[in-house]
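K.L.:
A predicted structure for the sequence below; I have some questions about it.
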Amino acid sequence: MISSMHGLFDDRIYWKEALSLKNHGYDVCHLGIGETDKEFTSEQGIKIIQVGRRKYFDNPYFDKLYRLLTFRKNIYKKILKIALELKADIYHFHDLQINKIGKKLKEFPHRPKVIYDVHEDYRDMLVHNVKKNNILRIPVNIYASYIMKWELACSKNYDFIITVLKYINDKFIPVLGNDNVEIIYNYTNFSPDKEEALKQEKLYDVIYCGLINEVRGIYQIIESARILKSKKHDIKILVIGFIPTMKLRREIQLRIKEYDLHSNLIIKDSVPYKNIQEYYQKSKIGLGIFMPIKVFYNSIQAKIFEYMAYGLPLVCSNFGYINKFVTESNSGIPVNPESPEEISDAILKLLNDRNLYEKYSMNGYNAVKNMYNWEIEENKLINIYSRLLS
């Protein structure tokens, strides 16, 4: 496994794909980028190699520009050198940037197989970060189109493409054909015992877990907490995740202070993937409030399956895949994500209607148990590896 933008213990790369391969008898190494050089073997027996890259600016674009202008050493050459030393039978890489060395991986003397695992539509990600009336919109669109064409051109060199969504999958089929492109959904590998989960004391009425920012609804969550406090004084909402800027952290703290929500809205930094389950067990409702921008219409938020696995009914955005999965499984209440009133009303409805709560809880749990689980996707992954190595 090779990555550049994901953590060494990323939930999909490490806890699902790498661990599944390890459990099926493969020797697995995850080669990634971090702040320092280090090498060790994880508790699960997976070799971890981190290549250190100093960070000069919090903004990734400024950071990259600075490194280019000051002729900093190209870290991808170092990754390529380590990859060659590993002499892997399969190089399975996960980030757009690794395409810089993708063809060279394929050309190693021992003739390995190469898999490109596409997690996002990078064109959409680039474009959605620039508002429509911004002067940069046109050049960003041009650059995004170039990136898409470059990505597809690079993909011709690989043996297999793994994607996470059908519309991304469809882009690569003309490049490699139906037999060499497959969707592996990022379903959950959590499989708790329902009865055991129910025995846990519920400390939080609502939980949100994931990146904390404006487009993932943090301001709407704060406003909903204010409304809920006015109707139900002992409401507790737990928000767990990374806040990307100090400016946003200060703004969140100011609003919590202004609304006197210190006892009602608890903000907690990210916790390791294997530890998040204890917070799900202590919560009643899962929150998935994403703003109506294109990138969220066309992406699956993996946390919703984790909520379902623990029997947490959802209050979620009423569009895109999150709406599709919650509606099809009848496991929660879709709402207008820009309306704190709708969000708070849905939360109160679930807390006050025990029968409705139990129905959504059981429906979500059963949906994960029978359909939205990693075991199904793991079989696809193992079959791909078996086929490439045959």
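P.N.:
Sure thing, it's come through. Numbering: from 1, shown residues only.
K.L.:
domains for the protein, by residue range?
P.N.:
11-187+373-389, 194-370 (automatic domain parsing).
K.L.:
Tell me which of the ones you listed is the most buried.
P.N.:
domain 194-370 (a mean of 18; mean count of other Cβ atoms under 10 Å). Every residue, glycine included, has its C-beta placed from N, CA and C.
K.L.:
Now do the end-to-end distance for that one.
P.N.:
14 Å (Cα to Cα, to the nearest Å).
K.L.:
repeat for stretch 270-290
P.N.:
Rule used - Cα to Cα; the end-to-end distance of stretch 270-290 is 19 Å.
K.L.:
Any chance of a markdown table for the domains of the chain, columns distance to M1?
P.N.:
Shown next, in a markdown table, are the domains of the chain (distance: least, Cβ to Cβ, whole Å):
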| stretch | distance to M1 |
| --- | --- |
| domain 11-187+373-389 | 4 |
| domain 194-370 | 15 |
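K.L.:
got those domains as a markdown table, with mean pLDDT columns?
P.N.:
As requested, the domains of the chain are exported to a markdown table (pLDDT from 0 to 100):
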| stretch | mean pLDDT |
| --- | --- |
| domain 11-187+373-389 | 89 |
| domain 194-370 | 94 |
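K.L.:
Tell me which of the ones you listed approaches M5 most closely.
P.N.:
domain 11-187+373-389 (4.6 Å; Cβ to Cβ).
K.L.:
I'd like to know which elements the helix or strand where V295 lies is packed against.
P.N.:
Take DSSP states H and E as the rule and V295 turns out to sit in helix 294-297. Secondary-structure packing of helix 294-297 (3 or more Cβ pairs under 8 Å, 6 or more residues apart in numbering; DSSP states H and E): helix 122-128, helix 320-329.
K.L.:
Convert the first one to PDB, retaining C-alpha atoms only.
P.N.:
Think helix 122-128. The C-alpha trace of helix 122-128 is given here as PDB (Å, rounded to 0.1, in the frame of the first residue of the first chain):
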ATOM      1  CA  TYR A 122     -10.500  15.000  -7.800                       C
ATOM      2  CA  ARG A 123     -11.900  17.300 -10.400                       C
ATOM      3  CA  ASP A 124     -15.000  17.900  -8.300                       C
ATOM      4  CA  MET A 125     -12.900  18.400  -5.200                       C
ATOM      5  CA  LEU A 126     -10.800  21.100  -6.800                       C
ATOM      6  CA  VAL A 127     -13.800  23.000  -8.300                       C
ATOM      7  CA  HIS A 128     -16.000  22.900  -5.200                       C
END
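K.L.:
contacts for it?
P.N.:
Applying Cβ atoms under 8 Å, 6 or more residues apart in numbering, the set of residues contacting helix 122-128 from outside is 96, 140-141, 143-145, 147-148, 151, 293-295, 298.
K.L.:
mind running it again at 6 Å?
P.N.:
96, 144, 147-148, 293-295 (Cβ atoms under 6 Å, 6 or more residues apart in numbering).
K.L.:
Let me know the secondary structure of Y280.
P.N.:
Following DSSP: H, G, I helix; E, B strand; the rest coil, we place Y280 in the helix state.
K.L.:
which residues touch it?
P.N.:
Y310.
K.L.:
Tell me the spacing between it and L312.
P.N.:
7 Å (Cβ to Cβ, to the nearest Å).
K.L.:
next one: K284
P.N.:
7 Å.
K.L.:
can you check I300 too?
P.N.:
From I300 to L312 the distance is 17 Å (Cβ to Cβ).
K.L.:
just to revisit the earlier point, now render the contacts of helix 122-128 as JSON lines, adding distance to N355.
P.N.:
Shown next, in JSON lines, are these (distance: Cβ to Cβ, whole Å):
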{"residue": "L96", "distance to N355": "47"}
{"residue": "A144", "distance to N355": "48"}
{"residue": "I147", "distance to N355": "50"}
{"residue": "M148", "distance to N355": "48"}
{"residue": "I293", "distance to N355": "35"}
{"residue": "K294", "distance to N355": "37"}
{"residue": "V295", "distance to N355": "36"}
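K.L.:
Pick the one among these closest to N336.
P.N.:
Using Cβ to Cβ, the contacts of helix 122-128 come closest to N336 at I293, 14.2 Å.
K.L.:
For stretch 23-43, measure first residue to last.
P.N.:
13 Å.
K.L.:
Relative to the whole chain's centre, how far out is it?
P.N.:
Centroid separation for stretch 23-43 versus its chain: 20 Å, with Cα atoms, centre = their mean, to the nearest Å.
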